[in-house]
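Undergrad: The following block contains a protein sequence and its predicted model.
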Amino acid sequence: MNKTVHSVCSVYDGHSVCFTSLEYPFYHSSNPTLVDGVSDPILTLAGPILAYWSLSFFFHYLDSSHWKWLEKYRIHESAEVQSKNRVTPSQVVWAVIFQQVVQTALGIWWISDHSDGDHVKGMHHVAGYLAPVLMKTFGSEKLLSTLAYSFYWWVIPTAQLFFAMFIIDTWQYFLHRAMHVNKWLYRHFHSWHHRLYVPYAYGALYNHPVEGFLLDSLGAIIAESTTGMNSRQALLLFVISTLKTVDDHCGYRLPFDPLQVVTSNNADYHDIHHQVVGIKSNFSQPFFIHWDAILGTRMTRQQLELRKRRA
């Protein structure tokens, strides 16, 4: 089916700048839905669940493979999972499923269907902000249209994504830290998660239901609404944060894992927090470690081993 192509021109300081509805970057799909027959809001809710169990099953497969070459990448020996954890795998699975049901119900209530907006109007809106400076300084229609296009399709979405990550990191750091500082909060809520002394991938969302709602679900809603994301942007954010959370609990130091390479907040970093000596450190999750570094709660593996020897 041929799509209607429309072009809109505006005049800025005597110069005409035009944008057409065909000016899309490679990542954009103009289809009504990303997946035929599935609305974008439903996909936004299903995507993180599929990502969670897909990556979890991958790491579970590694755990069950007994490949010798993997041993050098394990943070803990396999036997420690059975000997030190205080919750059974089946209890973990059912708790995670319950949390995902709650998240889905909350998402159905919260996430609305953002239609594919008028991008031509959006680019002109951005151009209107840039024009007073660019047209007076350079007087170039081409430069204005190029920068407006770049800002609309690349700079603004990237800023939204990283600002949303910052909000999630900030929300989780301070709430997570509070649940360790306050003994009542720790005993009644956060101690559930620390029954996993030796973390594994599908235990990433093993939390008390109240903590799961406050730490994960509410934090994601705040990030998505504050940054003004549409449902497709929210899908990307939620899938990335889910994959990152699972990977942070996988139990492996993998040099070829991109999720562990791009940031210092990885499986080894978070594993320190699950140890007795490091339990009051490394609160940051899931993306970056800036709050730990700024507020003095960061602990390295070398510091952990030194404290263990002293103890």
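TA: That came in fine, so what should we check first? A quick note: this is a predicted structure, and the numbers were derived from the prediction, not measured. Numbers count the residues shown, from 1 in each chain.
Undergrad: What is the end-to-end distance of stretch 294-307?
TA: 21 Å (C-alpha to C-alpha, to the nearest Å).
Undergrad: residue contacts, the nearest residue to Gln160 once chain neighbours are set aside?
TA: In space, and not counting its chain neighbours, Gln160 is closest to Thr227: 4.5 Å by C-beta to C-beta, 6 or more residues apart in numbering. Every C-beta, even on glycine, is put in place using the N, C-alpha and C of the backbone. The contact partners of Thr227, by C-beta atoms under 8 Å, 6 or more residues apart in numbering, come to 160-161, 163-164, 167, 233.
Undergrad: Just the closest of those to Ile279, please.
TA: Nearest to Ile279 among these, counting by C-beta to C-beta, is Ile167 at 25.2 Å.
Undergrad: For the closest one, grab the count of nearby residues.
TA: 18 (other C-beta atoms under 10 Å).
Undergrad: ok, now Phe19?
TA: Neighbours of Phe19 using other C-beta under 10 Å come to 23.
Undergrad: and if you look at Arg86?
TA: When neighbours are defined as other C-beta under 10 Å, Arg86 has 11 of them.
Undergrad: Check Val101 too.
TA: 11.
Undergrad: right, and His28 touches Tyr152 too?
TA: No: applying C-beta atoms under 8 Å, one finds His28 not in contact with Tyr152, separated by 10.8 Å.
Undergrad: Compare the two and say which is more crowded by neighbours.
TA: Comparing His28 with Tyr152 by other C-beta under 10 Å, the one with more neighbours is Tyr152, at 21 against 13.
Undergrad: can you tell me how far that one sits from Leu34?
TA: Distance of Tyr152 to Leu34, given as C-beta to C-beta, to the nearest Å: 20 Å.
Undergrad: what's the closest residue in space to Leu196 that isn't next to it in sequence in contact with, if anything?
TA: Excluding its sequence neighbours, the residue lying closest to Leu196 (C-beta to C-beta, 6+ apart) is Gly203, at 4.9 Å. Residues near Gly203 by C-beta under 8 Å, 6+ apart: 92, 96, 196, 249.
Undergrad: all helices for this structure, in order.
TA: For the chain, the helices defined by DSSP state H cover 40-65, 78-84, 89-110, 119-137, 141-150, 156-181, 183-188, 209-211, 219-226, 231-248, 258-261, 267-274, 290-295, 301-310.
Undergrad: worst average pLDDT in these?
TA: Ranked by mean pLDDT, the helices of the chain end with helix 78-84 at the bottom, a mean of 72.
Undergrad: starting at the chain centroid, how far to stretch 50-66?
TA: With C-alpha atoms, centre = their mean, to the nearest Å as the basis, stretch 50-66 stands 19 Å off its chain's centre.
Undergrad: For it, list the C-alpha coordinates in PDB.
TA: Extracted in PDB, the C-alpha atoms of stretch 50-66 (Å, rounded to 0.1, in the frame of the first residue of the first chain):
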ATOM      1  CA  LEU A  50      10.500 -12.300  27.200                       C
ATOM      2  CA  ALA A  51      13.900 -10.700  27.600                       C
ATOM      3  CA  TYR A  52      14.100 -11.800  31.300                       C
ATOM      4  CA  TRP A  53      13.400 -15.500  30.700                       C
ATOM      5  CA  SER A  54      15.300 -15.700  27.400                       C
ATOM      6  CA  LEU A  55      18.600 -14.400  29.000                       C
ATOM      7  CA  SER A  56      17.900 -16.400  32.200                       C
ATOM      8  CA  PHE A  57      17.500 -19.600  30.300                       C
ATOM      9  CA  PHE A  58      20.700 -18.900  28.500                       C
ATOM     10  CA  PHE A  59      22.600 -18.600  31.700                       C
ATOM     11  CA  HIS A  60      20.800 -21.500  33.200                       C
ATOM     12  CA  TYR A  61      22.000 -23.500  30.200                       C
ATOM     13  CA  LEU A  62      25.500 -22.400  31.000                       C
ATOM     14  CA  ASP A  63      25.100 -23.400  34.600                       C
ATOM     15  CA  SER A  64      23.900 -26.900  33.600                       C
ATOM     16  CA  SER A  65      26.400 -27.500  30.800                       C
ATOM     17  CA  HIS A  66      29.400 -28.400  33.100                       C
END
